[in-house]
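J.: Return a 3D structure for these sequence lines:
(one chain, ligands or ions: 1)
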Amino acid sequence: MTYEIAGKNPRLIISADEIAARVQGLGKELAAAYEGKNPVLVGVLKGSFIFLADLAREIRCEAEIDFVQVSSYGEGTSHGGLELLMRPSIPLSGRHVILVEDILDTRVTSSFLQDLLLSKSPASFALCALLDKRERREVEIEADYVGFTIETGFIVGYGTDYAEAGRNLPGIYVLD
Ligand code: PRP
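T.: Numbering: from 1, shown residues only. From the prediction side, this is the model:
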């Protein structure tokens, strides 16, 4: 299933089956690491909504779910600054927190959210990202759990978007 986005045909780079297999693997890793710890998975809206939904069901141990949302008010695709639109609703002090991102690009978002979540005095913090895009890093922050490392291109699908289009594509695509 594809459709034109911004006048371009998205090119598949990771199929829905490949994503499912990798998410299952991540779920097993996380369950092994967090068994008995009742972690809080904090998804970053909107992009992580599909990844979080799939990942949560592959973590076969007790876990809780929360969300944050930030909006960038910089120009174009760069983050000139970030505004917190939705804050976590679960008290995170003393909890094992896993920030769940669909994609790391400049990493400004995950760095901002890491600072926010660490300020809540969690018992531990980890970053889990489905996609780790290396080319535009601006901040030195590394994910503890990564689905796929990718190098170039504008990504759409599986939650990620181009001007809100493409989030419902089941695979990961590049707009060439
Ligand atoms: C995207 C993506 C990540 C963030 C990564 O969100 O979902 O949260 O950008 O970019 P960064 O590493 O350069 O900070 P976006 O701001 O596009 O909002 P969305 O999730 O609502 O699509």
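
J.: Do a quick rundown of the helices in this protein.
T.: Counting by DSSP state H, the chain forms helices over residues 16-34, 49-58, 108-118, given from the N-terminal end onward.

J.: List phi and psi for the residue in the chain that the ligand sits nearest to.
T.: In the chain, the residue that lies nearest the ligand is Gly47 (2.6 Å; Cβ to the nearest ligand atom). To be clear about C-beta, it is placed using only N, CA and C from the backbone, and glycine gets the same treatment. The main-chain torsion angles of Gly47 are listed as degrees, to the nearest 10 and equal phi -50, psi -30.

J.: Disregarding residues adjacent in the polypeptide, which is nearest to it?
T.: The shortest distance from Gly47 to any residue that is not its chain neighbour, by Cβ to Cβ, 6 or more residues apart in numbering, is 3.8 Å, and that residue is Asp102.

J.: Counting neighbours, what do you get for that neighbour?
T.: Neighbour count of Asp102, defined by other Cβ atoms under 10 Å: 26.

J.: before we move on, what about Leu82?
T.: Using other Cβ under 10 Å, the number of residues around Leu82 comes to 17.

J.: Apart from its chain neighbours, what residue comes closest to Leu175?
T.: The shortest distance from Leu175 to any non-neighbouring residue, by Cβ to Cβ, 6+ apart, is to Phe154 (4.5 Å).

J.: Nice, that's everything, thank you.
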